[in-house]
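**Q** Here is a sequence together with a model predicted from it:
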Amino acid sequence: MTTQPRDKTGAAVDVALDRERAIPAFTVALEGSTLAGRADFVDSPVAENERIFFHTEVDEQFGGRGLAGILLREALADSIASKLTVVPVCPLFAAHLQKHGDAFTAEGGAFRDATDDDMAVVRAAVRAAR
């Protein structure tokens, strides 16, 4: 997260890692604005250095501005920097890595397909957060 990203309108956006939430997430907000979206994840309690991305959401009032893509790219960049293997349960992350996985790994990233065990970890985390 070295340069401040801009959405499709040219507006600056802030992306942050929020571990204070019941479920940790990367969040996106228009500069000086309220929260516009988030990419939820859990760090695997079983496999060290794995991050399971399972849900990405942008408020519909901010739709069409490319904020989900910004969240995805910033979360993946952080995963590379943190030397974490990405486990994409979220359809957005899974589709991106299916299409651009070679570029992601060429940049130093690592990912693997989600398993039933990963889904169980996500379900348990969501239940615990309620």
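**A** That came through, no problem. Residues are numbered from 1 along each chain as shown.
**Q** which regions of this protein lie under the pLDDT threshold?
**A** The chain contains residues with pLDDT under 70 at 1-2.
**Q** all strands of it, in order?
**A** Under the criterion DSSP state E, the chain contains strands at 13-18, 25-30, 35-43, 50-58, 85-88, 110-111.
**Q** His96 is nearest to which of these?
**A** strand 85-88 (7.7 Å; CB to CB). Using the backbone N, CA and C atoms, a C-beta is placed for each residue, glycine as well.
**Q** neighbouring strands for that closest one, and are they parallel or not?
**A** Note on strand 85-88: by DSSP bridges, its sheet partners are strand 50-58 (parallel), strand 110-111 (parallel).
**Q** quick revisit: do you know which of the strands of the chain lies nearest Phe104?
**A** Nearest to Phe104, of all the strands of the chain, is strand 110-111, at 6.6 Å by CB to CB.
**Q** still on that earlier bit, of all the strands of the chain, which one comes closest to Ala128?
**A** Taking CB to CB, strand 35-43 is the member of these nearest to Ala128, at 9.8 Å.
**Q** Quick one: distance of that closest one to the chain centre.
**A** 6 Å (CA atoms, centre = their mean, to the nearest Å).
**Q** neighbouring contacts of that strand?
**A** Here strand 35-43 makes contact (CB atoms under 8 Å, 6 or more residues apart in numbering) with 13, 18, 21, 23-30, 50-59, 62, 67-68, 71-72, 75, 84, 90, 93, 121-122, 125.
**Q** Mind checking which of the residues you listed are buried?
**A** Buried members of these, counted by 16 or more other CB atoms under 10 Å: 13, 23-30, 50-58, 62, 67-68, 71-72, 75, 84, 90, 93, 121-122, 125.
**Q** Just put the strands paired with strand 85-88 in TSV and tack on distance to Pro5.
**A** Listed next are these as TSV, based on distance: least, CB to CB, whole Å:
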stretch	distance to Pro5
strand 50-58	14
strand 110-111	21
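**Q** Which one of these lies nearest to Asp102?
**A** strand 110-111 (10.9 Å).
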